[in-house]
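In: Could you look at this predicted model? Sequence included:
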Amino acid sequence: MKLIKRILILLGALPVLYVGATILVATIFKYKPSGIEQISKIEEQFYLNDTTIYSVLIWNIGYAGLGAEMDFFYDGGTKVRDTEDGVRRNLHKITTFLQENDTLDFILLQEVDENSKRSYGINMVDHFNLALPEHFPFYAYNYKVPFVPLPWLNPMGRVNSGLLSFSKHIPAETKRFAFKGNYAWPKHLFMLDRCYLANYFLLEDSTRFVLINTHNSAYDDGNLRKQQNIQLGGTLVNEETAGNAFLVGGDWNQCPPDFLPGMAQEIFHNWVFDTINFVPLDKAFMGNGWEVWWGNNAPTNRRLQTSYSKETSFTTVIDFFLSSSRVEVIECNTIDLNFANSDHQPVILTFKIKRFDE
């Protein structure tokens with residue numbers, strides 16, 4: 001009886017030991033980026049101008065693991081990761097699309113894995129660098145956890161992921177800005193360390209053009225996103241005060257401001273719009289002359305409760321651009337790929353940069 005009792009006590013203690021060990025390891029190896037990190041800086045001077053029409057693409061590629069066949073446990077589905085064949089097939093299709101659009105001046109990607117269990121250890125940073133040889137790459141981690149224990153019976157495991165910005169033009173410098181604020185302990189040990197990645201380009205009028213790749217928080221009550229908007233807004237105000245132009249693009253995990261559910265259902269009548277998880281961007285942090293740009297031809301994101309069905313899957317718009325008054329936007333369109341290889345769709349914007357004295 002004593003032996004059986006000891007065994008039962010040991011078995012009862014195992015979950016506690018497992019959780020304790022997981023938290024300890026996560027604490028020891030916690031990724032702790034500084035507030036601002038210098039990614040690159042060059043002494044040579046290369047300039048953009050006010051006569052060229054530039055083009056930029058934003059796309060959260062969902063680590064090539066959230067194609068049309070996938071659902072995801074964190075969104076109410078049951079699956080944790082796609083098959084390896086599925087990930088490689090999605091990655092091939094995503095890469096083909098980017099190569100077919102390699103004339104774009106700038107490409108801003110989110111959720112690009114470097115060595116993660118969920119994407120079978122594929123180094124997507126190296127992969128895209130090889131696929132886009134005419135672009136200069138800039139990468140910043142925003143998710144670096146040695147072991148994510150959820151779900152308990154089929155954990156996500158190791159995650160290394162981040163923002164990847166490509167440019168055909170050489171920036172004077174590139175910086176990673178850590179978003180302040182996070183979830184409470186111990187949850188924050190296993191969540192993303194959100195950031196935005198800024199490329200600074202010299203302009204012929206002696207000012208700069210700042211292109212920012214952002215991926216804001218999800219799965220919060222809105223407070224984190226509000227804090228992040230205020231912080232990002234402070235950065236943008238500083239740039240504008242210095243006379244610089246800016247353009248921000250990425251996955252905001254918020255709908256554009258003034259983008260009401262009724263309007264969405266009218267515009268996107270061929271899709272089912274999500275009116276439940278609806279968080280609009282608060283315009284309070286925006287300065288005078290700033291404008292939001294999104295493609296009104298198709299949604300940019302689908303919810304992952306189930307595999308994708310155009311007739312039943314909830315969709316929304318959370319991938320868009322924010323421009324300063326010195327950026328003249330010519331066109332903005334969402335590329336409808338039917339969510340075949342990611343839970344997001346790419347958005348392409350064309351623009352010109354106005355001179356400082358215009």
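Out: Here it is on my side, so go on.

In: distance of residue 303 from residue 24?
Out: Relative to residue 24, residue 303 is positioned 35 Å away (C-beta to C-beta, to the nearest Å). C-beta: built from backbone N, CA, C; applies to glycine.

In: what do you get for residue 339?
Out: Where residue 24 is concerned, residue 339 sits at a distance of 39 Å (C-beta to C-beta).

In: who has more neighbours, these two?
Out: Between residue 339 and residue 24, residue 339 has the larger neighbour count (other C-beta atoms under 10 Å), namely 25 against 11.

In: how far away is that one from residue 249?
Out: Counting by C-beta to C-beta, the gap from residue 339 to residue 249 is 19 Å.

In: Now do the closest residue to residue 121 other than its chain neighbours against residue 88, distance only.
Out: With sequence-adjacent residues excluded and distances taken as C-beta to C-beta, 6 or more residues apart in numbering, residue 121 is closest to residue 115, at 5.4 Å. Here the criterion is C-beta to C-beta. By it, residue 115 lies 15 Å from residue 88.

In: how about the nearest residue to residue 173, chain neighbours excluded?
Out: That would be residue 41: by C-beta to C-beta, 6+ apart, it lies 4.2 Å from residue 173.

In: ok, now which ones touch that neighbour?
Out: If you count contacts by C-beta atoms under 8 Å, 6 or more residues apart in numbering, residue 41 has them with 172-174.

In: Format these as a markdown table; extra columns: pLDDT, distance to residue 32 and secondary structure.
Out: Shown next, in a markdown table, are the contacts of residue 41 (pLDDT from 0 to 100; distance: C-beta to C-beta, whole Å; DSSP: H, G, I helix; E, B strand; the rest coil):
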| residue | pLDDT | distance to residue 32 | secondary structure |
| --- | --- | --- | --- |
| 172 | 98 | 27 | coil |
| 173 | 98 | 22 | strand |
| 174 | 98 | 20 | strand |
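
In: Narrow the residues you listed to those that are buried.
Out: 172, 174 (16 or more other C-beta atoms under 10 Å).

In: before we move on, back to that, just to check, the residue nearest to residue 121 is in contact with residue 158?
Out: Yes - using C-beta atoms under 8 Å, residue 115 is in contact with residue 158, at 7.1 Å.

In: Kindly provide the distance from the residue nearest to residue 173 to residue 239.
Out: Taking C-beta to C-beta, one finds residue 41 at 17 Å from residue 239.

In: Equivalent analysis for residue 184, please.
Out: The value you get for residue 184 to residue 239, if C-beta to C-beta is used, is 32 Å.

In: Please say which of the two ends up with more neighbours.
Out: For the pair residue 184 and residue 239, the greater number of neighbours falls to residue 239 (20 against 6), based on other C-beta under 10 Å.

In: Could you tell me what pLDDT the model assigned to the more buried one?
Out: Looking at residue 239, its pLDDT is 98.

In: give me phi/psi at it?
Out: Torsion angles at residue 239 (phi, psi; degrees, to the nearest 10) stand at phi -70, psi -40.

In: looking at it, it is touching residue 212, isn't it?
Out: No - the criterion here is C-beta under 8 Å, and residue 239 misses it with residue 212 at 9.4 Å.

In: hey, what's in contact with both of those two?
Out: With C-beta under 8 Å, 6+ apart, residue 239 and residue 212 have common neighbours residue 246.

In: List the contacts of residue 56.
Out: Per C-beta under 8 Å, 6+ apart, neighbours of residue 56: 104-108, 211, 247, 249, 321, 348-351.

In: my bad, residue 273
Out: Counted by C-beta under 8 Å, 6+ apart, residue 273 has contacts 261, 264-265, 299, 314-316.

In: for residue 280, same thing?
Out: Residue 280 sits next to 254-260 when contact means C-beta under 8 Å, 6+ apart.

In: Quick check on those residues: which are buried?
Out: If we count by 16+ other C-beta under 10 Å, these have these buried: 254-256, 259.

In: residues touching residue 316, list them.
Out: 255, 264, 273-274, 277-278, 299-303.

In: hey, what's it bridged with?
Out: residue 301 (DSSP bridges).

In: Quick check: which helices or strands does the longest strand anywhere in the chain pack against?
Out: Counting by DSSP state E, the longest strand found in the chain is strand 136-148. With contacts taken as 3 or more C-beta pairs under 8 Å, 6 or more residues apart in numbering; DSSP states H and E, strand 136-148 sits against helix 2-28, strand 36-41, helix 124-131, strand 157-167, strand 195-203.
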